[in-house]
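Enquirer: Turn this into a structure:
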Amino acid sequence: SGLPNWRTLPNEEQEELDTNNNNDNDSNTNTNTNVSYFAHITHLEDSSNQPQVENAPWSTAAYNSALQQYDALISCKDTFIQPFVQDALHTLDQAYRLYGPDSVIGSFNGGKDAVVILELIRAAHANHYRNLMNEHADGNENGDSNAESQIQPMRPRVIYFDNKLEFPQIYDFVQATVEEYDLDMIAFKEGVGFVGGLKMLVEQNYLALEQPPLSTSSSAQSQSQSQSLSQSQPHPMAFVLGTRESDPNAGKQGAFAPSSSYMPPFMRVNPILKWTYGHIWHFLRLYKLPYCSLYDEGYTSLGTVKDTLPCPALKKVHVEGNGNAAEFWPAYMLKDWEQERAGRVKKDKDKDKDKDKDKKKHKKR
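Expert: The predicted structure is shown next:
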């Protein structure tokens with residue numbers, strides 16, 4: 001489509017919107033553009049060069065690949081992973097039915113759980129459009145078989161938070177995956193926190209049909225339409241996360257869990273909540289899915305370069321002639337799944353908590 005797969009916020013597009021708002025204000029017209037951050041701003045190829053808003057279409061190759069993935073996953077025969085995969089797809093199918101493809105957003109940070117989530121999202125995203133096309137064809141009195149040309153799948157939407165302490169291997173993997181799957185990525189610049197970034201998206205989640213034109217018209221009809229559209233509320237948003245019950249922040253969440261009170265209002269969708277470390281790696285290897293190379297170097301849980309080391313449980317026994325360099329087995333070979341986060345360097349607060357626990361245990365003795 002020629003539209004970029006990767007955009008960073010704050011960006012030049014937002015500055016353009018702000019400038020346009022100022023110009024509109026000078027013209028005494030409505031200044032609320034109500035444009036989703038995922039919308040792409042292009043310009044008419046004529047003398048006016050007026051800005052236009054559009055959603056990025058999903059490439060045919062990426063769409064067909066995702067459809068094949070959905071069919072492969074839903075027909076999974078592997079007894080260890082089958083019920084978990086089908087339950088995850090059911091959760092996502094419901095999320096797409098309730099919120100629509102414009103408002104189901106994936107969090108893709110390049111970790112192993114995020115890879116699983118992305119594969120499930122792109123599969124469910126494609127299946128949602130296939131269902132729409134089938135419904136459109138069935139409801140067409142003329143039996144129009146060209147439904148695909150009338151319903152254009154748009155790219156799956158994902159977000160990423162820039163971190164100067166990110167492993168370069170992770171960053172490269174995320175970028176390569178976004179291009180490979182033709183995703184629509186919004187990356188937040190260093191310094192934009194998780195809460196702040198989500199707040200930006202939630203408050204600006206206006207659907208394509210709700211977006212008034214960026215350019216203004218002197219006609220009363222156009223002005224009335226713009227005002228009517230700009231007064232509509234943002235559409236509810238769902239964020240698909242890779243949270244599992246073993247995660248420190250899982251709490252008592254379910255497959256669908258409203259955001260916490262300190263967060264902007266959105267629905268958390270947790271398709272792999274019941275999955276274990278073993279399910280994650282069984283899934284990745286069963287379907288031969290790409291993942292970050294760090295996992296083959298013994299890393300089992302990835303944070304930043306400052307707080308992450310290879311898992312000590314995967315350290316190989318010293319082999320003569322290998323010098324003093326430590327070597328590690330790949331992450332999928334970890335047998336004790338409770339050691340998943342053993343490579344994470346504890347922060348000072350965590351160390352203090354452990355000391356307090358030890359003191360209490362000592363007193364109890």
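
Enquirer: And Gly278, which helix or strand is it part of?
Expert: helix 277-286 (DSSP states H and E).

Enquirer: Who are the contact partners of Glu179?
Expert: Glu179 sits next to 5-6 when contact means Cβ atoms under 8 Å, 6 or more residues apart in numbering. C-betas here are computed from N, CA, C, even on glycine.

Enquirer: That one in helix, strand or coil?
Expert: Of the three states, Glu179 takes helix under DSSP: H, G, I helix; E, B strand; the rest coil.

Enquirer: Okay, it and Trp6: tell me how far apart.
Expert: 8 Å (Cβ to Cβ, to the nearest Å).

Enquirer: before we move on, the earlier item: mind listing residues that contact the helix holding Gly278?
Expert: Contacts for helix 277-286 (Cβ under 8 Å, 6+ apart): 78, 80-81, 84-85, 112-113, 115-116, 244, 246, 272, 275, 289, 291, 300, 331-332, 334, 337, 340.

Enquirer: Buried only: go through those residues for me.
Expert: 81, 84-85, 112-113, 115-116, 244, 272, 275, 291, 300, 331-332, 334, 340 (16 or more other Cβ atoms under 10 Å).

Enquirer: of these, closest to Gln69?
Expert: Val85 (11.1 Å; Cβ to Cβ).

Enquirer: Report the contact partners of that closest one.
Expert: Taking Cβ under 8 Å, 6+ apart, one finds 73-74, 76, 120, 283 in contact with Val85.

Enquirer: again, 7 Å this time
Expert: By Cβ atoms under 7 Å, 6 or more residues apart in numbering, Val85 lies in contact with 73, 76.

Enquirer: What is the three-state secondary structure of it?
Expert: Once three-state DSSP is applied, Val85 turns out helix.

Enquirer: And it, how far from Pro51?
Expert: 43 Å.

Enquirer: ditto for His128
Expert: For His128, the distance to Pro51 (Cβ to Cβ) stands at 29 Å.

Enquirer: what's the distance between stretch 178-192 and the middle of its chain?
Expert: Remark: stretch 178-192 is offset 9 Å from the chain centroid, using Cα atoms, centre = their mean, to the nearest Å.

Enquirer: actually stretch 274-290, sorry about that
Expert: 18 Å.

Enquirer: Now do the same for the closest residue to Arg97 other than its chain neighbours: its pLDDT.
Expert: Nearest non-adjacent residue to Arg97, counting by Cβ to Cβ, 6 or more residues apart in numbering: His128, 7.6 Å away. Note on His128: pLDDT of 97.

Enquirer: Surely His128 touches Leu98?
Expert: No. With contacts counted by Cβ atoms under 7 Å, His128 stays clear of Leu98, the gap being 11.0 Å.

Enquirer: Those two: which has the busier surroundings?
Expert: Using other Cβ atoms under 10 Å as the criterion, His128 and Leu98 rank with His128 on top: 20 against 14.

Enquirer: ok but that one is inside a helix, no?
Expert: Yes. Counting by three-state DSSP, His128 falls inside a helix.

Enquirer: on that earlier part again, narrow the buried ones among the contacts of helix 277-286 to those in helices?
Expert: 84-85, 112-113, 115-116 (DSSP state H).

Enquirer: if I look at Glu190, how far off is Gly242?
Expert: 22 Å.

Enquirer: Now do the same for the most centrally placed residue in the chain: helix, strand or coil?
Expert: Central residue of the chain (Cα atoms, centre = their mean): Gly106, 2.0 Å from the mean position. With three-state DSSP as the basis, Gly106 sits in strand.

Enquirer: Hmm, Ile117 and it touching each other?
Expert: Yes. Between Gly106 and Ile117 a contact is recorded at 6.1 Å, counting by Cβ under 7 Å.

Enquirer: tell me, what's touching these two both at once?
Expert: Counting by Cβ under 7 Å, 6+ apart, the residues touching both Gly106 and Ile117 are Val240.

Enquirer: can you map out the helices along the stretch 251-365 of the chain?
Expert: 277-286, 348-364 (DSSP state H, counting those that start in this stretch).

Enquirer: among these, where is the model least confident on average?
Expert: The bottom spot among those, by mean pLDDT, belongs to helix 348-364, with a mean of 43.

Enquirer: This structure: strands as residue ranges?
Expert: Assigned by DSSP state E, the strands in the chain fall at 6-9, 40-43, 51-54, 104-107, 157-161, 184-188, 238-240, 256-258, 267-269.

Enquirer: partners of the second one in the sheet?
Expert: Yep, that's strand 40-43 we're talking about. strand 51-54 (antiparallel) (DSSP bridges).

Enquirer: Give me the average confidence score over the strand it pairs with.
Expert: 80.

Enquirer: again, but for stretch 105-118
Expert: 97.
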